[in-house]
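Colleague: next come a sequence and a model predicted from it.
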Amino acid sequence: MNFSAWAINRPLPALMLFFVLCVAGLWGFHQLPVSRFPDISFPMVTVTVPLPGASPSQLETEVTRRVEDAVATIPGIKRTMSSVTEGASTTTIEFLLDTDLATALDDTRDAITRIRADLPQDIQEPIVAKVNIGGSLMTYAVAAKDIQPDELSWFVDREVSKALYGVPGVAQVTRSGGIERQVRVDLDPRALQAWGITAGQVSQQLARSQVERPSGKAELHGEQQVIRTVGTIADADALRDFSITLGDGRSVRLSSLATVSDGAADPSQVALLDGKPVVAFSLSRTRGSSEVEVAEKVRAVLAQLETAHPGVKFQLVSSVVEEAERSYDSSMTMLWEGAALALLVVWLFLRDWRATWVSAVALPLSIIPTFAVMHLFGFSLNLITLLALSVVVGILVDDAIVEIENIVRHLRMGKSPIDAARDAADEIGTAVIATSLTLAAVFVPVAFMPGIAGKFFREFGWTAATAVVFSLVVARLLTPMMAAYQLKAHPEKSGESRMMTWYLGWVDAALRHRWWTLIIATVMFFASLAIVPFIPATFIPFTDLGHSNLSIELPPGTPLRDTVAASEQARAKLKAIPELKQVYTTVGSVLDIGDPTKTGVGEVRKSTLVLDWGKPETRERDQKALEREARAKLADLPGARVSFISTEPGELMQLVLAGDDARTLLEAGQALERDLRTLKGLGSITSSASLLRPELVIVPNDARAAELGVASADIAEAARIATAGDYAQRLAKLNLPERQVPIRVGFDEGTLADPALIGSLRVPSKNGSVPLAAVADIRADSGPAQISRYQRQRNITFTAELNGRPLGEVMTEVQKLPSVQKLPAGVSFLNTGDAEVFVELFVGFLLAMAAGLACIYMVLLLLFNHALQPLTILTAVPLCAGGAFGALLVTQNMLSLPALIGLLMLIGIATKNSILLVDYAVIAEQEGHMSQHDALVDACRKRAQPVIMTTLAMGAGMLPIAMGFSGDSSFRAPMAIAVIGGLITSTLLSLVVIPAAYTVLDDLGEWFKRRGLRMGKEQAA
């Protein structure tokens, strides 16, 4: 069925169809959420087992290995990674990408439940949770002049959190800084010794007395009543008179043993804004919600809270919403700019505003219905989908351009507009369908790429393919119909231009020397491949985000106050940088950037400084230059490791050495660290194996302990409760109307500074209590501050900042290091993080390119019903390599993810020119009864102009992206540059090479046909 003729004869159904599609598209556009990246749900689960105060070595033996063994039998596991720090064991289980996350989460919970009885009794309840990729959306600092820090912390925990959780799309609110209210029972060591009681006994008596529990039921006066035991107190003052029972049966008031106060817990984290303590909070969004919409509603809610609570001010500290908004605004602007330039090309060639108008309609009618399909698939307007629309903006008008140009050519033959539209659309139909389907055949395999890259580019492939299919529908239905009723008759065009005469002379020469033409083209292709080694390769090009996350790590054992002092010292050094607008500091907690492997876990010896550089357009130096200056200024910061936490892939290199023998692994790690420091350009090389924390080890004397009736567990408990307090789940609670305040029993910070305290602690024995030194020896020792495990083996993780160096280049140098080439037996070298994804990405794109070529061949085979003509068309693909690689080399762009997208696009774009030439040559040879030579020359004469027009239109559509007219185009520019360079060489060469290739392959086909007929006759004879 000829759809174009049907639409010309019956225009109303076609108009109604596009009216419905546009309404659906506009509705879908309104529903689409706006975010920076696609919502990716990686099948990754973490198991966190807290045991406050436990050493990493103890946790590895008693917890981590048992957790790893328990989850090892779960189907679909790709790898397990464990990180053991003081007081917590965290095991991350990464599943294969096709694993259902809900099932994996349930299986993991079941596995942990089965071993719960085998884990230490004192652990807190294990936390099994899925990993949410995305990180914090916004972070705010709260300031209030007349509110105390503890009240302000409670205000954030209750009022702010309650208000924000009412905002649709808010998933989690996390407070940073501030203090926790706590009733402190600071024991007097001398009083404990005088009364013969231990800290543990005091804590346990409080915990057993301060309870509110059900006590059964009773029937009184014919009514059933519930019995409750209420043993709680109303405030800390009443706690001072609480009676503590001594070992000999006497009792003493708590105030005689301790100082009781309603105050604050010892701080474990601090938040600072430009050096001033603040209470801050960060929030993350739910999957599928719009970052921009959530941010707008959060701002409105916070404005209402400021109105309701005068004196409270919320100051935005950091946000990723601006990045999403900039990406969205710049992409939309690039769409308009690219469309305008593409239409300018049409007008310059045809000089007919009616024809230009008909071509212009194709662009919105192709893009708007695409939004409906995006909403149907659950996509969002993010960097990837907007990139897909940006790359096809020049392609979407191509089909309309080809149709319009052919219709105008028929009009110049003296035909009426309706006849010209009908005949031209029928003549060009196969070529238009073939070009669009080949482009769709290139984009669709991208949606099925393996690995993590495939998760991201699923949306790219479907969005681009959908837009191309809608452009085909427009070109076959709407463009001929509009041309038939809106174009006017054109005067006949006589003669050929000097440029056309010159070009046809080249075509004639190429046909007469076809083998030399193909040899020269082949040589040029291999010369193009020789350029590739000179182009550095990386994951994603550097993007200036306007802020940097600076990590400061101090030696294990550093107290919180010293970490705060070092952070302030670093801030003072950086203050001289003129571009620095604001510094937000967190100590003891980590920034949620959505990747726990980069941020690690919060410790009081670690701090993070968020450096606000301002918008890129407001300064002369880029973010990398500013980070280099910051690193130089902090080079002499005493005792600190300084590094930048990457929020973008491709900025950090992670390497792992794994093995079972700890000593051999440590020696190999030290050798690799030495070698890594010899590589030029790398910054802040860190190793997880080089940190030891100081410890006091209590070793019970078995003989004396047995004689006095003291158990080792009692010794450990007495030391723990006195110095750190009892476990949170065992503490007594002060019940208030809206919350419970824990009652912590132990020594205060000043008392703990006495080195003789540990030995004088009272330990329960069979005859009352005895000093700890009487039953145990105390010595100073050290142990690992952190233990990392990979695939159930000990490992050492190395992290290095690339400082703008290409990841591929650095990885090549690492593979040549002597310590990597000569690893000891039992130690393996592993690429993880961005290095692993980097390899996965390039392999995935190679597979997508191969699949795209196969799909193109199959589509062309079905359309042309000829085995060799598709090969003629595909001959144009190698011709674009020289321009693409050359453009990347000249403009000093790396071979990165967007450049690979450009190369993938070129496969489909290059075939468009070939299809136009080959299709008409077949028509002229079969229907026009021309010779092969004359048919090819006529095809070049008739199709050279649409080929050049579509090439210039695509190039014009890419030009705003390549030049970066709208916002930061660092991610998109390499793609556009590769496409423009490939278009230039592909178009110029294909106009000459394709005719020569057609003659060779067509003659080869005829030879096979004659040989087949001859063999058939011989067999028949």
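Modeller: Thanks, I have it.
Colleague: now do the strands in the stretch 651-800 of the chain.
Modeller: With strands called from DSSP state E, counting those that start in this stretch, the stretch 651-800 of the chain shows them at 652-659, 683-687, 692-700, 732-735, 740-746, 762-765, 768-771, 776-784, 787-790, 793-801.
Colleague: so where is the stretch 451-600 of the chain shaky, pLDDT-wise?
Modeller: Applying pLDDT under 70 to the stretch 451-600 of the chain flags the ranges 451-453, 490-496, 539, 593-600.
Colleague: the residue nearest to Ile197 when sequence neighbours are not counted and Gly196, how far apart?
Modeller: Once flanking residues are discounted, Ile197 sits nearest to Leu246: 5.7 Å by CB to CB, 6 or more residues apart in numbering. Any C-beta I mention is one placed from the backbone N, CA and C, and that applies to glycine too. Leu246 sits 7 Å away from Gly196, taking CB to CB, to the nearest Å as the criterion.
Colleague: can I get the strands of the stretch 651-800 of the chain in TSV with distance to Phe29 and mean pLDDT?
Modeller: As requested, the strands of the stretch 651-800 of the chain are exported to TSV (distance: least, CB to CB, whole Å; pLDDT from 0 to 100):
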stretch	distance to Phe29	mean pLDDT
strand 652-659	36	78
strand 683-687	44	73
strand 692-700	55	80
strand 732-735	53	76
strand 740-746	49	81
strand 762-765	71	82
strand 768-771	75	80
strand 776-784	54	79
strand 787-790	45	80
strand 793-801	40	78
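Colleague: in the protein, what helix or strand scores lowest on average pLDDT?
Modeller: Ranked by mean pLDDT, DSSP states H and E, the weakest helix or strand in the chain is helix 596-599, scoring a mean of 60.
Colleague: what is the neighbour count of Val474?
Modeller: Neighbourhood size, Val474 [other CB atoms under 10 Å]: 26.
Colleague: am I right that it sits in a helix?
Modeller: Yes - counting by DSSP: H, G, I helix; E, B strand; the rest coil, Val474 falls inside a helix.
Colleague: hmm, it is touching Ser366, no?
Modeller: Yes - applying CB atoms under 8 Å, one finds Val474 in contact with Ser366, separated by 5.6 Å.
Colleague: following element in sequence after the helix or strand containing Val392, please.
Modeller: Val392 is located in helix 383-396, with elements delineated by DSSP states H and E. Downstream of helix 383-396, the first helix or strand assigned by DSSP H and E is helix 398-411.
Colleague: what packs against that next one?
Modeller: The criterion is 3 or more CB pairs under 8 Å, 6 or more residues apart in numbering; DSSP states H and E, and the helices and strands that helix 398-411 contacts are helix 321-350, helix 353-377, helix 417-446, helix 451-473, helix 479-486, helix 932-963.
Colleague: which of those helices sits closest to Ala400?
Modeller: Smallest distance to Ala400 across those (CB to CB): 3.6 Å, for helix 353-377.
Colleague: pLDDT on the closest one, on average?
Modeller: Here helix 353-377 scores 86 as its mean pLDDT.
Colleague: what's in contact with stretch 21-36?
Modeller: With contacts defined as CB atoms under 8 Å, 6 or more residues apart in numbering, stretch 21-36 is touched by 288-293, 320, 323-325, 327-328, 364-365, 367-376, 379-383, 470.
Colleague: list the buried residues for it?
Modeller: For stretch 21-36, the neighbour count (16 or more other CB atoms under 10 Å) marks 21-22, 24-25, 28-29, 32-36 as buried.
Colleague: ok, stretch 235-242 next?
Modeller: Neighbour-count burial for stretch 235-242 [16+ other CB under 10 Å]: 236, 239-240, 242.
Colleague: for the protein, what's the longest helix?
Modeller: Secondary structure of the chain per DSSP state H: the longest helix is helix 973-1020.
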